[in-house]
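[1] Can you look at this prediction? I've put the sequence above it.
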Protein chains: 2
Amino acid sequence: MPLRTVDWVDGKLVLVDQTLLPHELVMLEPATVRDLVDAIRRLSVRGAPALGVAGAYGVALAARLHPPVSDPAGFDTAVKALRTARPTAVNLARMVDRVAAVASDDPSRALAEAHLVRDEELSASKAMGELGADLVQALCGDGPVRAMTICNTGGLASVERGTALGVIQTLHERGSLIEAIPLETRPLLQGSRLTTWELERMGAPHRLIVDSAASYLLAQGVADVVLIGADRVAANGDTANKIGSFGLALGAADAGVPFIVVAPESTVDPATPSGADIEIEDRGAAEVCAVGDRAIAPAGTAAINPAFDVTPVRLITALVTNRRVVRFDLGEALAPPGSENPLG
Amino acid sequence: MPLRTVDWVDGKLVLVDQTLLPHELVMLEPATVRDLVDAIRRLSVRGAPALGVAGAYGVALAARLHPPVSDPAGFDTAVKALRTARPTAVNLARMVDRVAAVASDDPSRALAEAHLVRDEELSASKAMGELGADLVQALCGDGPVRAMTICNTGGLASVERGTALGVIQTLHERGSLIEAIPLETRPLLQGSRLTTWELERMGAPHRLIVDSAASYLLAQGVADVVLIGADRVAANGDTANKIGSFGLALGAADAGVPFIVVAPESTVDPATPSGADIEIEDRGAAEVCAVGDRAIAPAGTAAINPAFDVTPVRLITALVTNRRVVRFDLGEALAPPGSENPLG
């Protein structure tokens, strides 16, 4: 069985500790909600879909430790801590709320719902891979392609396979990938640490670049398509994703290279009208002034460290979800204005 | 006296070893041309103007060790090694050629010319600072400004003061700088290691960012102007500079923020018609896959590592040299077509 980033095994929540990759593959087993919240905050588990599944299992854990009927205050505190552990990804709060809504003093209720969240995530990753690979081949012709991507959007950001990197995996499995070009993704280097590790495991050719080389290399024609994930897609299509995504979109637009967002429907947030309404987390100076424990700036240097940015829909060719492809470049809209229930 | 990055002191060439900053300030004294070429190759001395001065003194060193009349083969080999130690910066080859042209078996001839190169560089930095600060204040209004910059273009890239960072220093001395926002500048982190160190020494407020945050922060309005240096300016104004400059220019253009190139006349190369004619150095995978000696990617990961990129003149508001301001945004041209001597 392929490695699962988040899973429930023998009555325990089991997570890959992503802070130790690519050097060590270590599994975490958070026994309390506080342990899980800490793991989320220090990015041992990260990636919007993986956060959703982890949050769902976190509520199952809470329902066992603080039965919602007999200890409602303990349960509510645990749920609140989980849903606010990271502010930008909509999946976390949404999946926490979904499982909390069915939790009862029978802990198997919450656990069954969390398993459902996980299984839906597994199916969604497969569906996005197929729809995304079909779209890339439609846009780029039938020949094999070179695909650029940022951050980590593979199995490690999900349960298996993932979003944008799942599309790249599907292209590779179809024999349609020449190479992947991952951006290293400062400050936390998810691209160099995690995406390269996943590409190597899947046997896909790849060459790593620093983030700031992307625009120039796109202008030089080294990639046929750019694929990114999303932490939140607003109703108008504006997309919050890892810092650097907006600059990458500007580079793709200038070079005329298709720029595709791949994210499950659970990432689409009709309650957020546009990118201007998305809260962007600033994670402080420490991540910028050091790489791991190695200082790279004078002690005490101040920094601005937005963890995400917003790519306006004008720069996005298409959104691929597990259910549909929305071609913004052809004038398609995600949420028709005035629609009561834009996601059907 | 302020620190000089490259100088001739008591009969010896003395250089700041920039690979050890910001942790240690160590001076190198290369005694042979080979030592100097090695120092240039491993970036102990870097920055186009500093490379020009170092190259000039390198020829003075060569003239002493291999007198050009009595040991012409030795002298020619040394000059060739110096002029090709880095391919992208035009200053290095140009200043090497200039001093070599006057070298004789009297080593004081070459040394006097090298001193002239250094002194011209000192004057040029002062002049660029004044012209650049005047332009920024003309473009941004009389109030104090927030200035974004990439790589290191300060005294460390020059002898004192520098180019783009010299303009920021002049703005600071005029009381017209709110803060500087340096990009860290992967892969070699000249921004986080060197520019922050220089800003701290000059007492200028600053906040460091990762390279990929620049476009988003410009869109958010955090900077009033972007100032960069140059390794080579082609006859049409296209500018080769540190990798990331092109992406930064795309971000500035999208946000409507002025994007100014600051470089001495010696960086302008009328023999290079456009950016397409500029050779871009690829420095290999090691710099991308590690930060210092810390591996950040799986062993054996391949990379693409262009050290520079080319910003097309369409994205450049103005070029500031030590002699003039060329307002590309107003339709001014660097080299009028058909001009015999475009640099006057």
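    Cool, the structure landed.

[2] is it true that A:Glu287 touches A:Leu189?
    No - using Cβ atoms under 8 Å as the test, A:Glu287 is too far from A:Leu189 to be in contact (9.9 Å). The C-beta positions use only the backbone N, C-alpha and C, and glycine is treated the same way.

[3] Pretty sure A:Val83 sits against A:Leu92.
    Rather than Val, residue A:83 is Arg. Yes - using Cβ under 8 Å, A:Arg83 makes contact with A:Leu92 at a distance of 6.5 Å.

[4] ok, A:Glu287 and A:Leu189, which is more surrounded?
    The neighbour count for A:Glu287 versus A:Leu189, taken as other Cβ atoms under 10 Å in any protein chain shown, is higher for A:Leu189 (24 against 17).

[5] Next one: that one relative to A:Tyr216, how far apart?
    Distance of A:Leu189 to A:Tyr216, given as Cβ to Cβ, to the nearest Å: 20 Å.

[6] Likewise for A:Val117?
    41 Å.

[7] helices and strands around the host helix or strand of A:Leu319, which ones?
    Following DSSP states H and E, one finds A:Leu319 within strand A:318-320. Helices and strands touching strand A:318-320, by 3 or more Cβ pairs under 8 Å, 6 or more residues apart in numbering or on different chains; DSSP states H and E, are helix A:107-140, strand A:259-262, strand A:325-326.

[8] can you rerun that using 6 Å?
    Here strand A:318-320 touches helix A:107-140, strand A:259-262, going by 3 or more Cβ pairs under 6 Å, 6 or more residues apart in numbering or on different chains; DSSP states H and E.

[9] secondary structure class for the residue located most distally from the centre of chain A?
    Farthest-out residue of chain A from its mean C-alpha position, per Cα atoms, centre = their mean: A:Ser70, at 35.4 Å. What DSSP: H, G, I helix; E, B strand; the rest coil gives for A:Ser70 is coil.

[10] for the helices and strands packed on strand A:318-320, which one ends up most surrounded?
    Neighbour counts (mean count of other Cβ atoms under 10 Å in any protein chain shown) averaged over each of those peak at strand A:259-262, with a mean of 28.

[11] burial of A:Val102, as a residue count?
    A:Val102 has 14 nearby residues by other Cβ under 10 Å.

[12] If you could redo that for A:Arg201, that was the one I meant.
    14.

[13] per-residue pLDDT, it?
    According to the prediction, A:Arg201 has pLDDT 95.

[14] who touches the helix or strand where it lies?
    Element membership for A:Arg201 (DSSP H and E) is helix A:196-202. By Cβ atoms under 6 Å, 6 or more residues apart in numbering or on different chains, the surrounding residues in contact with helix A:196-202 are A:Leu21, A:Pro22, A:Gly154, A:Gln169, A:Ala180, A:His206, A:Leu208, B:Ala297, B:Pro298, B:Thr301.

[15] out of the residues you listed, who has the most neighbours?
    A:Gly154 leads these on contacts (other Cβ under 10 Å) with 30 neighbours.

[16] isn't it right up against A:Ala164?
    No - counting by Cβ atoms under 6 Å, A:Ala164 is not a contact partner of A:Gly154; they are 8.2 Å apart.

[17] picking up where we left off before, more crowded one of A:Arg83 and A:Leu92?
    A:Leu92 (27 against 19).

[18] give me every residue that touches that one.
    Taking Cβ under 6 Å, 6+ apart as the test, what A:Leu92 contacts is A:Leu51, A:Gly52, A:Gly55, A:Arg86.

[19] switch the cut-off to 8 Å
    By Cβ atoms under 8 Å, 6 or more residues apart in numbering or on different chains, the residues touching A:Leu92 are A:Ile40, A:Ala48, A:Leu51, A:Gly52, A:Ala54, A:Gly55, A:Leu82, A:Arg83, A:Ala85, A:Arg86.

[20] That one sits in which helix or strand?
    helix A:90-102.

[21] in that helix, what's buried?
    A:Val90, A:Asn91, A:Leu92, A:Ala93, A:Arg94, A:Met95, A:Val96, A:Arg98, A:Val99, A:Ala100 (16 or more other Cβ atoms under 10 Å in any protein chain shown).

[22] what's the answer for stretch A:209-227, then?
    In stretch A:209-227, counting by 16+ other Cβ under 10 Å, buried: A:209-219, A:222-227.

[23] wait, doesn't A:Gly175 sit right on A:Val145?
    No - with contact defined as Cβ under 8 Å, A:Gly175 does not reach A:Val145; the gap is 11.2 Å.

[24] Verify the stated contact: A:Arg146 with A:Pro182.
    No - look at A:Arg146 against A:Pro182 with Cβ under 8 Å: they stay out of range, at 11.8 Å.

[25] Kindly report the residues of the stretch 201-344 of chain A close to chain B.
    A:206-217, A:219, A:222, A:243-244, A:246-248, A:250-251, A:254, A:285, A:288-289, A:291-292, A:294-298, A:301-306, A:309-310 (Cβ under 8 Å from any Cβ of the partner chain).

[26] 7 Å instead?
    A:207-217, A:219, A:243-244, A:246-247, A:250-251, A:254, A:288-289, A:291-292, A:294, A:296-298, A:301-304, A:306, A:309 (Cβ under 7 Å from any Cβ of the partner chain).

[27] Go through those and flag which are in strands.
    Among these, the ones falling in strands (DSSP state E) are A:Val291, A:Arg294, A:Asp309.

[28] What residues does the first one make contact with?
    Think A:Val291. B:Val291, B:Arg294, B:Ile296 (Cβ atoms under 7 Å, 6 or more residues apart in numbering or on different chains).

[29] just the second one next, same as before
    Contact partners of A:Arg294, counting by Cβ under 7 Å, 6+ apart, are B:Val291, B:Gly292, B:Arg294.

[30] Spatially nearest residue to the second one, not counting backbone neighbours?
    Counting by Cβ to Cβ, 6 or more residues apart in numbering or on different chains, B:Gly292 lies nearest to A:Arg294, which is 6.2 Å off, once chain neighbours are set aside.

[31] who's the one you found bridged to?
    A:Val291 (DSSP bridges).

[32] how about the residues of the stretch 1-150 of chain A that lie near chain B?
    For the stretch 1-150 of chain A, the residues in contact with chain B (Cβ under 7 Å from any Cβ) are A:Pro22.

[33] Which stretches in chain A count as helices?
    For chain A, the helices identified by DSSP state H occupy A:33-41, A:48-65, A:72-83, A:90-102, A:107-140, A:164-173, A:190, A:196-202, A:214-219, A:245-255, A:286-289, in order along the chain.

[34] Many thanks, we can stop here.
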